[in-house]
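Peer 1: sharing a sequence plus its predicted fold:
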Amino acid sequence: MISVGHQEALLLSVSEAAQLLGIGRSKTYELVATGELATVRIGRSVRVPRAIVEGYVERLIEQSHE
């Protein structure tokens, strides 16, 4: 789990998001490119909000039950 001190990081690098999702980095970049995973920019850095990753997983779960 990616954490800062005793708290989980709110913004993740694409590699960290991939690790958290348990998928490859290339697939995660593809999800970012298609807009399935929203990102924020801080300067030149691209970050994925943890809440976006969690929401993405929830959507996958909902879709699998349809």
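Peer 2: It's in.
Peer 1: C-alpha only now, for contacts and for neighbours.
Peer 2: Noted.
Peer 1: partner strands of the longest strand that the chain contains, parallel or antiparallel?
Peer 2: Ranked by number of residues, the top strand in the chain under DSSP state E is strand 45-49. Using DSSP bridges, the strands paired with strand 45-49 are strand 11-12 (antiparallel), strand 40-42 (antiparallel).
Peer 1: quick one: which of these is nearest residue 54?
Peer 2: Nearest to residue 54 among the strands paired with strand 45-49 is strand 11-12 (11.9 Å), distances taken as CA to CA.
Peer 1: how far away is residue 41 from residue 62?
Peer 2: Applying CA to CA, to the nearest Å, the value for residue 41 to residue 62 is 29 Å.
Peer 1: same question for residue 9.
Peer 2: With the distance defined as CA to CA, residue 9 ends up 25 Å from residue 62.
Peer 1: pull up the distance across stretch 15-34, start to finish.
Peer 2: Criterion CA to CA; first-to-last residue distance in stretch 15-34 is 17 Å.
Peer 1: again, but for stretch 44-56
Peer 2: Using CA to CA, one end of stretch 44-56 lies 24 Å from the other.
Peer 1: quick one: mean pLDDT for that stretch?
Peer 2: For stretch 44-56, mean pLDDT rounds to 97.
Peer 1: what's in contact with it?
Peer 2: With CA atoms under 8 Å, 6 or more residues apart in numbering as the test, stretch 44-56 has contacts from 9-14, 17, 21, 36-41.
Peer 1: low-scoring pLDDT stretches of the protein, where are they?
Peer 2: 1-6 (pLDDT under 70).
Peer 1: and the helices in it?
Peer 2: Per DSSP state H, the chain carries helices over the ranges 14-21, 25-34, 50-64.
Peer 1: looking at the ones you listed, which is buried most?
Peer 2: helix 14-21 (a mean of 18; mean count of other CA atoms under 10 Å).
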